[in-house]
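*Asks:* coords please:
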Amino acid sequence: MPPADSMFLLGESRDHPMHVGGLALFEPPDGADAQAMRSMFGAALARDAVAPLLRKRARRSATTLGQWGWETDPDIDLDHHIRHDALPAPGGITELMTLVARLHSVLLDRSRPLWEIHLIEGLTGGRFALYMKIHHALADGVSAMKLLRSALSEDPDATGMPAPWEPLAPRCRALHLVPDPPTDSAGRLDLPAAALRAARGAVGEAVGVVPAIAGTLDRARRRRRGGPLSLSAPKSMLNVPIGGARRFAGPVLADRTPPPGRQVRRRYRQRRSTRDVLGCPAHLYGRSGGTAATPADRDGSRLAAQR
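*Replies:* Residues are numbered from 1 along each chain as shown. Down below sits the predicted model:
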């Protein structure tokens, strides 16, 4: 496992979970009801096909020299990873956000592959939702959304799409989030080789970190005004100790033509092509706007920092 990914496992605790999550809402096809949706979901489970990425589980032992590595789970339990939930009445956005917040607060089981998918029914208008939770060591948030999107199509008449946990469609197989672990000539997992590779990577990354920290300290010393280091943060209503509880919130967009999601994607691609904007800065831009408006919306009450 690359050292940067293993840090998400080493730094995880009950109050600092290191998984990411995403929520998608869907409307059933014309003439379909909740039973049709359950049947489609059950048929996907019956295929018992799981993408290689989602069979990987984290492991470390004496044979890995204490380093985290990946191994393939040959007997993955889909009943544990893929769950069915129902919202209480009236099945609105408030009930959905409350459920997702509770699901997102629970740590993933490290004895199993580090992901879960929840099918949520009971929303008003016959809608249903998918909530996906995956550990940051396995995939970051953007990659997880790409994984979910690989099971979707912009064509409303498309059928036969794979479930989000199934092997990727041919057009999406270039998405490779976690490298395959090294194996010996017989195809068995070569844990010592994986550990040595991770150790070499850790040394290389440490060499780069030391100059960065030294540069930060030097800039603070030359400033001579007692300003905060770049590794600290100013006091604010958002800067409070982080606990294990989580809240989930999101905007509700009115129906438009073209669909809002497609419109946002088009504008995002235009900005990337003209201004060379990367994905993470674009997300930070959106978050900064929400953070700036938070004090007015919350009337000065204390908030926990976002994670």
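*Asks:* Tell me who's in contact with A129.
*Replies:* Neighbouring residues of A129 by Cβ atoms under 8 Å, 6 or more residues apart in numbering: L23, A24, L25, F26, L96, L119, I120, L123. C-beta coordinates here come from the backbone N, C-alpha and C atoms, glycine included.
*Asks:* does it have beta-bridge partners, and which?
*Replies:* L25, I120 (DSSP bridges).
*Asks:* ok, now the one 4 residues further on?
*Replies:* Counting by DSSP bridges, K133 forms beta bridges with G21, E116.
*Asks:* Stretch 143-162: which residues count as buried?
*Replies:* Within stretch 143-162, the residues that count as buried by 16 or more other Cβ atoms under 10 Å are S143, A144, L147, L148, S150, A151, P162.
*Asks:* Looking at these, spot the one nearest L54.
*Replies:* Nearest to L54 out of the buried residues of stretch 143-162 is L147 (Cβ to Cβ; 8.6 Å).
*Asks:* Just name whatever secondary elements the one helix or strand that closest one maps to is in contact with.
*Replies:* For L147, the host element (DSSP states H and E) is helix 141-149. With contacts defined as 3 or more Cβ pairs under 8 Å, 6 or more residues apart in numbering; DSSP states H and E, the packing partners of helix 141-149 are strand 19-26, strand 128-135.
*Asks:* quick one: low-confidence parts of this structure?
*Replies:* Confidence mapping of the chain against pLDDT under 70 gives the ranges 168-234, 237, 244, 246, 248-307.
*Asks:* rewinding a little: in PyMOL, select just the buried ones from the contacts of A129.
*Replies:* The buried residues among the contacts of A129 can be selected in PyMOL (16+ other Cβ under 10 Å) with this line:
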select buried, resi 23+24+96+119+120+123
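*Asks:* Let me have the contacts of A129 in TSV, adding distance to P88 as columns.
*Replies:* Listed next are the contacts of A129 as TSV, based on distance: Cβ to Cβ, whole Å:
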residue	distance to P88
L23	17
A24	21
L25	17
F26	20
L96	10
L119	16
I120	11
L123	11
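*Asks:* Among the contacts of A129, which one sits closest to E71?
*Replies:* Looking across these and measuring by Cβ to Cβ, the closest to E71 is L119, at 27.9 Å.
*Asks:* Tell me who's in contact with the closest one.
*Replies:* Counted by Cβ under 8 Å, 6+ apart, L119 has contacts F41, I82, R83, H84, D85, F128, A129, L130.
*Asks:* For the fifth one, which non-adjacent residue is closest in space?
*Replies:* In space, not counting the residues next to it along the chain, D85 is nearest to I120; the distance is 4.8 Å by Cβ to Cβ, 6 or more residues apart in numbering.
*Asks:* Would you mark the buried spots in stretch 7-25?
*Replies:* Buried residues in stretch 7-25, defined by neighbour count with 16+ other Cβ under 10 Å: M7, F8, L9, E12, P17, M18, H19, V20, G21, G22, L23, A24.
*Asks:* Please put the alpha-carbon coordinates of that stretch into PDB.
*Replies:* Output of stretch 7-25 as PDB, limited to C-alpha atoms (Å, rounded to 0.1, in the frame of the first residue of the first chain):
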ATOM      1  CA  MET A   7      -1.700   7.300   6.600                       C
ATOM      2  CA  PHE A   8      -5.500   7.300   6.400                       C
ATOM      3  CA  LEU A   9      -5.500   4.000   8.300                       C
ATOM      4  CA  LEU A  10      -2.900   5.000  10.800                       C
ATOM      5  CA  GLY A  11      -4.600   8.300  11.500                       C
ATOM      6  CA  GLU A  12      -8.100   6.900  11.900                       C
ATOM      7  CA  SER A  13     -10.000   6.800  15.200                       C
ATOM      8  CA  ARG A  14     -13.600   6.900  16.500                       C
ATOM      9  CA  ASP A  15     -13.500  10.700  16.500                       C
ATOM     10  CA  HIS A  16     -11.600  10.900  13.200                       C
ATOM     11  CA  PRO A  17     -13.100   8.500  10.700                       C
ATOM     12  CA  MET A  18     -11.200   8.400   7.400                       C
ATOM     13  CA  HIS A  19     -13.900   7.300   5.000                       C
ATOM     14  CA  VAL A  20     -15.700   9.400   2.300                       C
ATOM     15  CA  GLY A  21     -19.400   9.100   1.300                       C
ATOM     16  CA  GLY A  22     -21.700  10.100  -1.500                       C
ATOM     17  CA  LEU A  23     -25.400  10.200  -2.000                       C
ATOM     18  CA  ALA A  24     -27.400   9.900  -5.200                       C
ATOM     19  CA  LEU A  25     -31.200  10.300  -5.600                       C
END
